[in-house]
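Asks: compute the structure for the input listed below.
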Amino acid sequence: MKKLKKDSRIFVYENTHGRKYGVNFYRTVMGIKTRLHQQGFDNSADAIEWANTSERELHLRNGVARNVTVEEYYKQWLKRNESYWSPDTYHNYVQKFENYILPKFGKAKLRDINRENFQAYILELETVKRSAGRVGYSSKTISIIKGYMATMLNDAVYSGVIPSNKLRNLRVKEGIGVRNSEISKEKYIFAIKTAQRVLSPMALASFYLSLVALRHAEILGMQPKNIYSDHVHVDIARTHWKPEGGPTKTPAAVRDVPISSKTYQLLQEAVKYSRQVYLDADQQFTSDSFIFVNNDATPWNYTRLNHVFDEVSEGMGQRVAVYNSGNIYVDDKDGHRIVVRRDGFISCKKVPGKTVGDFSRVKITKNIMNELTGVEVPNADGSKVIVNCSVTEGKARIQSVSPEGKITDDLIMPEHKNVIITNNAHIFPHMMRHAFATFSIPNAEDPVDVMKIMGHSDMRMTRFYDNGTKDGQSKIVSMMDKLAE
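Replies: Numbering: from 1, shown residues only. Okay, here's the model as predicted:
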């Protein structure tokens, strides 16, 4: 063996395969002498790269890399903990860091993260404009992001990389973004009626399972063997990271959840449809098959249920179309499609799921040349949609006005689009769990029944041993089902 002149950490040797390169050197970090050794490299460049990377990681692990960035420490920290965390925990950290923390702080020095710059970022998260008209992330989401960052900083303190965690005792305001998960009873009922109108039978079955507080992953994991005439048994969950299925979120989540006869009928239809899909794909359909599948018999991926709820959200909004012909179409909240021709003639186009509306209340506006410039379509609840086609040629301004006269949407339709959805409600699977708890607890004879249905185990110890009653749970689900009639 012979050391490389340009880098004494590298040595050269000969074997049956010819000239090879190796790495061999020692470093003392925090009083501990460590040997870094590897051989079998085909060239010196690969050997030097391995030596540099190994030395850097050694310093990171022992806290003497003064200029380590957030991204560098995150990767080392993640690698070190991967074997200790559950797959869901691991991927939750990855998702929060790579979607929220690293884009903002990845290149910053770990030692430079402080209360001031992270508090400024929290303010951004509280006020950022999001899809479907939402503003800001919820206090819960922001707290998770802050907590994940603080956890990594605590590890860096323990490792000696930074002297202290400057995010300690940094608090997140409560109540931020709560409206993103709140839902009124009226909106809840409207969501159900819209789902019945716009969803396919299989999608509607998945939607109805959310109404009895099943989690996203529990719905995707539903199998024929777990469906009974009066309840579903929950014992498997399909997450983004375990698409093949795995255990439920907690032991308490393994449970029997009462269902209505309507939900049972919808699930029967879903099973019937799935069986045919499996048959068409030349695959065997068994009691262990997942019932929510694509046309090729592959199970829905984790985001598919979100798309089902997006379809409901869009259906709850109002579709406005402004075509090059000059015709204006507006779907009101009551399920009517109003058509206003360029000459000002008002009618109702009959399409599946739509009925003739009271278009005598529709108001139109024209310019001095008697050309159509806009339309105002009222809703039964007192709200209305105003379409103004005279903003700029090829564009239109769409405004939604609440029953109180407040403008809730003010949108400009781009030239390359003919259709836009205004007053678009944002409905998502977890919102239905919020709704279940909100509407059922005040009416429950025993709150433990609600806890059992939802698969929770966080009641106080004074109620921990109260198992509730099956009759009580069935009564709650029956009460919730009446809202869907």
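Asks: now the helices for the stretch 301-450 of the chain?
Replies: Applying DSSP state H, counting those that start in this stretch to the stretch 301-450 of the chain gives helices spanning 304-316, 429-440, 447-454.
Asks: and those helices as TSV, adding distance to residue 75 and mean neighbour count?
Replies: For every residue, glycine as well, the C-beta is placed using N, CA and C. Putting the helices of the stretch 301-450 of the chain into TSV (distance: least, C-beta to C-beta, whole Å; neighbours: other C-beta atoms under 10 Å) gives the following:
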stretch	distance to residue 75	mean neighbour count
helix 304-316	29	20
helix 429-440	30	19
helix 447-454	37	22
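Asks: which one of those lies nearest to residue 219?
Replies: helix 304-316 (6.2 Å; C-beta to C-beta).
Asks: reformat the helices of the stretch 301-450 of the chain as TSV; add distance to residue 71.
Replies: Below are these laid out as TSV (distance: least, C-beta to C-beta, whole Å):
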stretch	distance to residue 71
helix 304-316	29
helix 429-440	30
helix 447-454	38
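Asks: of these, which is nearest residue 235?
Replies: helix 447-454 (14.6 Å).
Asks: chain center to that closest one: distance?
Replies: Distance of helix 447-454 from its chain centroid, counting by C-alpha atoms, centre = their mean, to the nearest Å, is 25 Å.
Asks: helix, strand or coil for the closest residue to residue 28 other than its chain neighbours?
Replies: Spatial nearest neighbour of residue 28, chain neighbours left out: residue 34 (7.4 Å); criterion: C-beta to C-beta, 6 or more residues apart in numbering. Here residue 34 is strand, with the state taken from DSSP: H, G, I helix; E, B strand; the rest coil.
Asks: mind putting the helices of the stretch 301-450 of the chain into JSON lines with distance to residue 42 and mean pLDDT?
Replies: What follows is the helices of the stretch 301-450 of the chain, written out as JSON lines (distance: least, C-beta to C-beta, whole Å; pLDDT from 0 to 100):
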{"stretch": "helix 304-316", "distance to residue 42": "46", "mean pLDDT": "90"}
{"stretch": "helix 429-440", "distance to residue 42": "52", "mean pLDDT": "84"}
{"stretch": "helix 447-454", "distance to residue 42": "59", "mean pLDDT": "84"}
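Asks: those: which one's closest to residue 419?
Replies: helix 304-316 (10.6 Å).
Asks: can you check what angle separates that closest one from helix 429-440?
Replies: 70 degrees (axes from the mean of the first three to the mean of the last three C-alpha atoms, to 10 degrees).
Asks: which regions of the stretch 1-150 of the chain lie under the pLDDT threshold?
Replies: Scanning the stretch 1-150 of the chain for pLDDT under 70 picks out 29-32, 59-66, 131-134.
Asks: what segments of it are helices?
Replies: Going by DSSP H, counting those that start in this stretch, the stretch 1-150 of the chain shows helices at 44-62, 70-81, 87-96, 102-105, 115-127, 139-159.
Asks: for residue 69, see how far away residue 51 is.
Replies: According to C-beta to C-beta, to the nearest Å, residue 51 and residue 69 sit 21 Å apart.
Asks: ok, those two, which is more surrounded?
Replies: It is residue 51, of residue 51 and residue 69, that has more neighbours when counted by other C-beta atoms under 10 Å, with 21 against 18.
Asks: ok, that one touching residue 11?
Replies: No: the pair residue 51 and residue 11 does not pass the contact test of C-beta atoms under 8 Å, sitting 11.0 Å apart.
Asks: shared neighbours, those two?
Replies: The contact sets of residue 51 and residue 11 overlap at residue 23 (C-beta atoms under 8 Å, 6 or more residues apart in numbering).
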